[in-house]
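> Model the following, please.
(one chain, ligands or ions: 1)
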Amino acid sequence: MRIFLTLDYELFSGANPGSVEKTILLPTRKLLEVADRHDAKFVFFVDSGYLARLRHFADTYPSAGADYDAVRAQIEALDNAGHDIQLHIHPHWEDCTYDANGWHMDTSRFRIHSFSEAEIDDIVGRYKSALTEIVGENIFAYRAGGWCLQPFDKLRPALKKHGIRLDSTVYEDGLNSSQTHYYDFRGMPHKTLYRFEEDPVREDPQGYFVEVPISTYAVSPLFFWRFAWTKKLGSSDHRVYADGVGAGGTSGASMVRMLTRPTKSLVSMDGLRASLLQKALDANARKEPDGNFVVIGHPKAVTPYSLRELDRFLQRASKKRHSVGTFASYM
Ligand SMILES: [Zn+2]
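I've put the predicted structure just below:
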């Protein structure tokens, strides 16, 4: 299979988003140590609204300027080393402010659909520029913040206009309809790559956009019991390097579902989930040996344990002749 190790490169969206060093830079360096051992390349979906906003405050607050310079330097280095830098949009940065005490987060407009079509066009354009001015013009892939990609007609004109032609957001059976999130990926094609136009879960061979879905894997309730238990124990092996706090995504109802019956889960290199990578790859390879296997991850969720599991996974993947690459190298 063609393996894509994708990372949403971002702070947390809660009241305490975390420091740049511990939440992004340090865990990314740890991930690179692992990737370099296997000559593997990552795809970084950079939360570019954060970059744009940081830059906006850089002239007034030296600490914001220092953070901007540090993130920019890491993104430059990633690009030079052959990793993919692509677009991830969390539009709530439009409403966040910065002062001597740091960030004041406002996530009331978390979904991009909270903005008008004209505003979305402006956001996509500015956020893409925040990346092109660092790494040049090769920004063509997108992952929606919080998977909020639908209804797609509100985003389509802006993405097209700004040359975004590949999406990697959807996943089988994905469904979330809450105060902050909305998406419904049920009924999407059972394919690891397809074209679309009107809706990312409806194939259209003539469509402008290519979808490369995030892979999924059927996970037994036992795993989530172990997951909940290990989190409770909090051994240092399972502690994240990050120092921020998430907004809390998993609802009580979906937690109950995961603890009681098998659920499709995103294939992820985050925390304890990294232990499932190998089995997930085998299961997906049985279905479509020449297909794409897209793993999601976040520097903010890296733990010593997840790094070891990723290392093992890459070792076995190369023995079994799976390739690990970037969207830029294949698409
Ligand atoms: Zn994100």
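> contacts, neighbours, all on C-alpha from now
Noted.
> Low-confidence bits of the stretch 151-300 of the chain, can you list those?
For the stretch 151-300 of the chain, the stretches flagged by pLDDT under 70 are 232-234, 247-253, 255.
> Which parts of the stretch 51-200 of the chain are strands?
84-89, 97-99, 102-104, 141-144, 166-167, 175-177, 182-184, 194-196 (DSSP state E, counting those that start in this stretch).
> Would you list the strands that the shortest one pairs with, along with their directions?
So the one you mean is strand 166-167. Paired strands of strand 166-167, with direction, are strand 141-144 (parallel), strand 209-211 (parallel) (DSSP bridges).
> Contacts for the shortest one, please.
Taking contacts as CA atoms under 8 Å, 6 or more residues apart in numbering, the residues outside strand 209-211 that touch it are 164-170, 193-197, 200.
> cool, stretch 290-302 as well?
Contacts with stretch 290-302, where a contact means CA under 8 Å, 6+ apart, come from 1-12, 22-24, 27-28, 31, 192-193, 212-215, 240-242, 266-271, 281, 284-285.
> Could you check the strands of the stretch 51-200 of the chain and tell me which one is nearest residue 66?
Between residue 66 and these, the tightest spacing by CA to CA is seen for strand 102-104, at 12.4 Å.
> Now the closest one: buried residues?
For strand 102-104, a neighbour-count test (16 or more other CA atoms under 10 Å) marks 103-104 as buried.
> which residues touch that strand?
Defining contact as CA under 8 Å, 6+ apart, one finds that strand 102-104 is touched by 15-17, 96-98.
> So what are the sheet partners of that strand and their directions?
The strands beside strand 102-104 in its sheet (DSSP bridges) come out as strand 97-99 (antiparallel).
> Just the buried positions in the strand it pairs with, please.
By 16+ other CA under 10 Å, the buried positions in strand 97-99 come out as residue 98.
> now do stretch 22-39
Neighbour counts over stretch 22-39 (16+ other CA under 10 Å) mark 22-28, 30-32, 34-35 as buried.
> Could you write out the alpha-carbon coordinates of that stretch in PDB?
C-alpha atoms of stretch 22-39 as PDB (Å, rounded to 0.1, in the frame of the first residue of the first chain):
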ATOM      1  CA  LYS A  22       5.900  21.600  24.000                       C
ATOM      2  CA  THR A  23       2.700  21.200  22.000                       C
ATOM      3  CA  ILE A  24       4.200  21.500  18.500                       C
ATOM      4  CA  LEU A  25       7.900  21.900  18.100                       C
ATOM      5  CA  LEU A  26       9.300  19.300  20.600                       C
ATOM      6  CA  PRO A  27       6.900  16.400  19.700                       C
ATOM      7  CA  THR A  28       7.500  17.100  16.000                       C
ATOM      8  CA  ARG A  29      11.200  16.800  16.500                       C
ATOM      9  CA  LYS A  30      10.600  13.500  18.300                       C
ATOM     10  CA  LEU A  31       8.500  12.300  15.300                       C
ATOM     11  CA  LEU A  32      11.200  13.300  12.900                       C
ATOM     12  CA  GLU A  33      13.800  11.200  14.800                       C
ATOM     13  CA  VAL A  34      11.600   8.200  14.100                       C
ATOM     14  CA  ALA A  35      10.800   9.000  10.500                       C
ATOM     15  CA  ASP A  36      14.500   9.700   9.700                       C
ATOM     16  CA  ARG A  37      15.500   6.200  11.000                       C
ATOM     17  CA  HIS A  38      13.300   4.800   8.200                       C
ATOM     18  CA  ASP A  39      13.700   7.500   5.600                       C
END
